[in-house]
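got a predicted structure here, sequence first:
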Amino acid sequence: MTTIKIAPFDAAEYLDSEEAIAEYLSAALEEDDPALFLAALSDVAKARGMTKMAKDAGLGRESLYKALAPGAKPRYDTVLKLARAAGVKLTVEPAHA
C-alpha cells in the first residue's frame, strides 16, 4: 500500500498580488462569518509579512497579532487600516435578492 503525504495548505503562499488578496478577502466576506474574514486577513498579513503589515497599518506588531487572533473583535478602524496595508479597499454594492 502506498502512503500519500499531504502538506498542510497555507493560503498565504498564494497571496502574491493585490488582485489575489482582493479576491481572497472578497470570498471570505461573502460567507457572512466575521471569524472567517479575520482568518483571511491574518493569511494576508502572513503573506505580506507581519512586521511590514503592522508598520503599514500604523500598528505595533503585538497589536496586529491581538487584532487577528481567533475570537478577536477588532475595531472597524483597525480593519480599514489593515485593508489599506494589504493594498485593497473595502467597497459596498447592492445586494441582489
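Structure's in. What do you need?

how close does T51 get to G60?
10 Å (C-beta to C-beta, to the nearest Å). From N, CA and C alone the C-beta is placed, and that goes for glycine too.

same check on V92?
30 Å.

okay, those two: which has more neighbours?
G60 (11 against 5; other C-beta atoms under 10 Å).

now do the same contact list for that one.
A54 (C-beta atoms under 8 Å, 6 or more residues apart in numbering).

send me stretch 16-26 as PDB with only the CA atoms.
The C-alpha coordinates for stretch 16-26 follow below in PDB (Å, rounded to 0.1, in the frame of the first residue of the first chain):
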ATOM      1  CA  ASP A  16       1.200  37.200  -4.100                       C
ATOM      2  CA  SER A  17      -0.600  40.100  -5.600                       C
ATOM      3  CA  GLU A  18      -3.200  42.800  -4.600                       C
ATOM      4  CA  GLU A  19      -5.600  41.100  -7.100                       C
ATOM      5  CA  ALA A  20      -5.300  37.700  -5.400                       C
ATOM      6  CA  ILE A  21      -5.600  39.300  -2.000                       C
ATOM      7  CA  ALA A  22      -8.800  41.300  -3.100                       C
ATOM      8  CA  GLU A  23     -10.400  38.100  -4.400                       C
ATOM      9  CA  TYR A  24      -9.500  36.100  -1.300                       C
ATOM     10  CA  LEU A  25     -10.900  38.700   1.100                       C
ATOM     11  CA  SER A  26     -14.000  39.200  -1.100                       C
END
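
near P34, how many other residues are there?
P34: 14 neighbours (other C-beta under 10 Å).

grab the nearest non-local neighbour of it.
Distances taken as C-beta to C-beta, 6 or more residues apart in numbering put K73 closest to P34, at 7.8 Å, once the chain neighbours are dropped.
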